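Student: Provide a 3D model corresponding to the input given below.
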Amino acid sequence: MTRRLKDSSESRRHGLLGISLLAVLLMVAANPPCCLFAQQTEPPLRGNVFSQGKALAEVKVTATNRSTGRAYTAFTDPAGQYSFLELSDGTYDVKAEKDRYERFTRKGIAIRSGKPAALDFVLKASSRPDLEKPHPTKAAPPPATPTMPPPPTTLTPTGGDQPRVTARSFLVGKDVEKDGYGLYSYLLFGTPPSEIIRNRYQEAIRAYLGEIQDVKSVQEYIPPQRLNVTYLPLTREPTGANPTPEWVLDSYNYARSEALLLKVPGGLHPGGPYLISTLTPLSKVDILVDDYLYLDLSAVPPGVILPWIKEFMAQASQQRFWEKRDYAQWVLKLRTAIEDMAVALPAVNKAGKDWKDLVASIVWHGSK
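Tutor: Now for the predicted structure:
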């Protein structure tokens, strides 16, 4: 009788867990976040400045309204990106300039509300910084001996403006990250896995290997400043080009991972997996203070790890990578809740059967 009561108590606990998850799911479905269908505000004009295939920082970009004569100024960041947060509707001449480079002006750029645009520049090094190169028009003769292709002349929607491409690389032993990438990301585990969470770790590694291309295969086609290189720390170098998830998990460098996680605010980070993105390599900072992306997947069921990895790649491709994609993440949280409930449902059914057996046992023992 004592054994049956103990088992029944455990079953009731599982049953309550399943019922609680069902209640949470219904609450989420009935009360979606207020910002579910809100759209993120995009700058009316943004872009990148390059020179010889590399991002150019501290470039002064000036947008002058042709009608009013008002000039707006922005500067590129270390990744060569600039943006204007406020521009009134109108036609603008946009100029990019930096010492030791030719100035370049793009004329007649139309800015309209609700239609954010992107405008890139390619500057040529020059011994005459006062030399300005006007935007070529149909009436202007082409250069006799062009040394590089002219910058693109078509405005593209900001959402598709040169998104970052995620690539992967192993961080073996005490190796450090290479300089020059547009974004640095990490797939980290806080502690070695128990049998319960081992499947979650393996699914994260499986998605990492299967969904993300090796950086060696893409870096000759894509400039490094457009790459989001996602590192995974290992204790040893892979023996082949295609290591298995099991081998990677057995070779994972938990000590290095824990050291990197200590740079993320919030204290200890046990379990995992965690996905972290930052503009500066984690090995070169004491603690993260600027904008960064942090995804905690330590409570995500293994069956939903893959779509969360894909969501990480989509979010990291944004210029403002630290901003959540509210709708996409709400849908993923709903899928995660459904997966949790699916795992708990067998326990719910078993709890119901155990309740019936318990009642029958009590009635039978009481009648003796």
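
Student: ok, residue 60 - contacts?
Tutor: 73-75, 96-98 (CB atoms under 8 Å, 6 or more residues apart in numbering). For every residue, glycine as well, the C-beta is placed using N, CA and C.

Student: among those residues, which are in strands?
Tutor: Counting by DSSP state E, the contacts of residue 60 place 73-75, 96-97 in strands.

Student: what subset of those is buried?
Tutor: 74, 96-97 (16 or more other CB atoms under 10 Å).

Student: not counting residues beside it along the chain, what's closest to the residue nearest the centre of the chain?
Tutor: By CA atoms, centre = their mean, the chain has its centre lying nearest to residue 316, at 2.6 Å. Closest residue to residue 316 apart from its sequence neighbours, by CB to CB, 6 or more residues apart in numbering: residue 228 at 4.7 Å.

Student: and the one you found, what helix or strand is that in?
Tutor: strand 227-234 (DSSP states H and E).

Student: ok, now which ones touch residue 298?
Tutor: Residue 298 neighbours (CB under 8 Å, 6+ apart): 190, 197, 200, 270-274.

Student: give the closest residue to residue 237 in space, chain neighbours not counted.
Tutor: That would be residue 172: by CB to CB, 6+ apart, it lies 5.2 Å from residue 237.

Student: quick check: the one you found touching residue 243?
Tutor: No - assessed by CB atoms under 8 Å, residue 172 is found out of contact with residue 243, at 11.7 Å.

Student: and residue 291, which of the three is it?
Tutor: Under DSSP: H, G, I helix; E, B strand; the rest coil, residue 291 falls in the coil class.

Student: excluding chain neighbours, what is closest to it?
Tutor: residue 322 (4.1 Å).

Student: doesn't residue 312 lie inside a helix?
Tutor: Yes - judged by three-state DSSP, residue 312 forms part of a helix.

Student: that one: how many residues sit nearby?
Tutor: By the criterion of other CB atoms under 10 Å, residue 312 has 25 neighbours.

Student: and it, how far from residue 305?
Tutor: Separation of residue 312 from residue 305 (CB to CB, to the nearest Å) stands at 10 Å.

Student: next: residue 294.
Tutor: Going from residue 294 to residue 305 by CB to CB gives 17 Å.

Student: over to residue 178?
Tutor: Using CB to CB, residue 178 is found at 27 Å from residue 305.

Student: ok, residue 115 next?
Tutor: Taking CB to CB, one finds residue 115 at 37 Å from residue 305.

Student: of these two, who's got more company?
Tutor: residue 305 (24 against 13).

Student: buried residues in the strand or helix carrying that one?
Tutor: For residue 305, the element it lies in under DSSP H and E is helix 305-316. Under the neighbour-count criterion of 16+ other CB under 10 Å, helix 305-316 has 305, 307-313, 315-316 buried.

Student: neighbouring contacts of that helix?
Tutor: Applying CB under 8 Å, 6+ apart, the set of residues contacting helix 305-316 is 164, 166, 183, 185, 200, 203-204, 206-208, 211-212, 228, 273, 275, 277, 293, 295, 297, 300, 321, 323-325, 328-329, 332, 335-336.

Student: how about low-confidence regions in the protein?
Tutor: 1-41, 127-162, 326-328, 339-368 (pLDDT under 70).

Student: where do the strands sit along the stretch 1-150 of the chain?
Tutor: 45-51, 54-55, 60-65, 71-75, 81-84, 90-97, 103-111, 117-118, 121-122, 132-133 (DSSP state E, counting those that start in this stretch).

Student: who's the closest residue to residue 231 other than its chain neighbours bridged to?
Tutor: The spatial neighbour of residue 231 that comes closest, neighbours along the chain excluded (CB to CB, 6+ apart), is residue 171 at 4.3 Å. Beta-bridge partners recorded for residue 171 (DSSP bridges): residue 233.

Student: touching, residue 171 and residue 177? I think so.
Tutor: Yes - using CB under 8 Å, residue 171 makes contact with residue 177 at a distance of 7.1 Å.

Student: which residues are common contacts for those two?
Tutor: residue 231.

Student: of those two, which one has the most company?
Tutor: Regarding residue 171 and residue 177, a neighbour count based on other CB under 10 Å identifies residue 171 as having more, with 21 against 17.

Student: what separation do you get for the more buried one and residue 54?
Tutor: If you measure residue 171 against residue 54 using CB to CB, the figure is 23 Å.

Student: how about residue 117?
Tutor: The value you get for residue 117 to residue 54, if CB to CB is used, is 24 Å.

Student: next one: residue 86
Tutor: Distance of residue 86 to residue 54, computed by CB to CB: 29 Å.

Student: more crowded one of the two?
Tutor: Between residue 86 and residue 54, counted using other CB under 10 Å, residue 54 has the larger neighbour count: 12 against 8.

Student: what's across from the more buried one in the sheet?
Tutor: What pairs with residue 54, by the bridge criterion (DSSP bridges), is residue 51.

Student: check contacts around it.
Tutor: 80, 180, 223-225.

Student: list buried residues within these.
Tutor: 80, 223-225.

Student: what's the neighbour count on the residue lying closest to residue 68 once chain neighbours are set aside?
Tutor: Leaving aside its chain neighbours, residue 68 sits nearest to residue 90 (7.3 Å; criterion: CB to CB, 6+ apart). The local packing of residue 90 (other CB under 10 Å) involves 16 other residues.
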